[in-house]
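S.K.: Give me coordinates for this.
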Amino acid sequence: MADSSALPLPPPPSPHALSVRARERVVAAAAAADPLLAKLQRGLTATPAALDLNLMTTQYGLQFLSELLLRVRLLPHPAAAALSSAIPTRLRTFASLISDIRTFNRLWGTLALLRWGVATLEHPPADCVLRAIATCQVLANLCFQPMENAAYLGGHSVLPLSKRTVGKLWTYSSRLWAVHVILELVRLAREYGLARRAAKAKAVAVAAATANEKDITDMAVTDDTEAQSAVAARTLWARQLIVNAAYFPMTIHWSLESAPLLSDLAIGLLGTIAGGTRLIPLWRSA
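M.R.: The predicted structure follows:
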């Protein structure tokens, strides 16, 4: 029997074969990563609103973190003392840069507000209170945006405005934003009242239909769909309430010309809550 050690070894793969295999692995890895990249693209930059929401949450999150780190450094602990002061400063600088970018992007926001006004005129809410709220919100925002634009451009010396004028514009634009937020809270309260009234009317209708078996069967068919719609509406309502409840003290803070109402830590926390509450469903649906 021949010695197996004398059998010839298979030739090594050629450089061309190795390059083909490497390319196939790279292509397979890229194909596997493409769904994740698509989700990131949809969640981050699919629309201007999505981009601004991601930037907003990052901005206030960095501000909150930087202020938190500054406070940690003041604790009487060796690990806290070892924390470099450069980290909070750099985080805050990055947050300020993001804020500037967001304000710059809103220079063209009047176009979207005008479209909102047209849509409100064409399809106004059926309820007279909600219709009045929507009209006032459109008007407040149409005044807010040019003021913010002028303040931003004046602060960057694009418009020949004094520092005092720029400060006034920032204050009055913040007050108009506060008007919008207050009207949002009023709208939510009105929608809550209307929803409760509709629920009571539905309960009366169900009670009246108990005498007719066919009516009960017909109503049961739509109960599941209506229940799902009701849950979605309540979730949206609660989310909007959280967002505007977080916005409200921020708008009052920037509307005051006297001493500030909130600390930078509180502003960072409230802004993160407002942004994150809206960002979570955006990423879930991306």
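S.K.: Which residues belonging to the helix or strand hosting Ala22 are considered buried?
M.R.: Assessed by DSSP states H and E, Ala22 sits inside helix 15-45. The neighbour-count check on helix 15-45 (16 or more other C-beta atoms under 10 Å) flags Gly43 as buried. C-beta here means a position set from N, CA and C on the backbone, and glycine is covered the same way.
S.K.: pLDDT on it, on average?
M.R.: Regarding helix 15-45, the rounded mean pLDDT is 78.
S.K.: Please apply the same query to stretch 189-201.
M.R.: Mean predicted lDDT for stretch 189-201 stands at 91.
S.K.: which SS state does Lys202 fall under?
M.R.: Using DSSP: H, G, I helix; E, B strand; the rest coil, the structure places Lys202 in helix.
S.K.: can you pull the contacts of it?
M.R.: Not one residue lies near Lys202 by C-beta atoms under 8 Å, 6 or more residues apart in numbering.
S.K.: Roughly how far does it sit from Ala189?
M.R.: Using C-beta to C-beta, to the nearest Å, Lys202 is found at 21 Å from Ala189.
S.K.: Likewise for Tyr172?
M.R.: In terms of C-beta to C-beta, Tyr172 sits 26 Å off from Ala189.
S.K.: of those two, who's got more company?
M.R.: Tyr172 (16 against 12; other C-beta atoms under 10 Å).
S.K.: thinking the more buried one is in contact with Met147, fair?
M.R.: Yes: with contact defined as C-beta atoms under 8 Å, Tyr172 counts as touching Met147 (5.8 Å).
S.K.: didn't Glu184 look like it was pressed against Asn244?
M.R.: Yes: between Glu184 and Asn244 a contact is recorded at 4.6 Å, counting by C-beta under 8 Å.
S.K.: buried sites along the helix or strand just after the helix holding Ala22?
M.R.: Where DSSP H and E defines the elements, the next helix or strand beyond helix 15-45 is helix 48-73. Buried residues in helix 48-73, counted by 16+ other C-beta under 10 Å: 50-67, 69-70, 73.
S.K.: Rounded mean pLDDT for helix 48-73, please.
M.R.: Per-residue pLDDT over helix 48-73 has a mean of 91.
S.K.: and it, what does it pack onto?
M.R.: helix 15-45, helix 78-81, helix 86-105, helix 264-285 (3 or more C-beta pairs under 8 Å, 6 or more residues apart in numbering; DSSP states H and E).
S.K.: Find the residues that touch each one of Tyr172 and Met147.
M.R.: By C-beta under 8 Å, 6+ apart, no residue touches both Tyr172 and Met147.
S.K.: Grab the nearest non-local neighbour of Tyr152.
M.R.: Nearest residue to Tyr152 in three dimensions, chain neighbours excluded: Thr103, at 5.0 Å (C-beta to C-beta, 6 or more residues apart in numbering).
S.K.: how much space between that neighbour and Met56?
M.R.: Taking C-beta to C-beta, one finds Thr103 at 11 Å from Met56.
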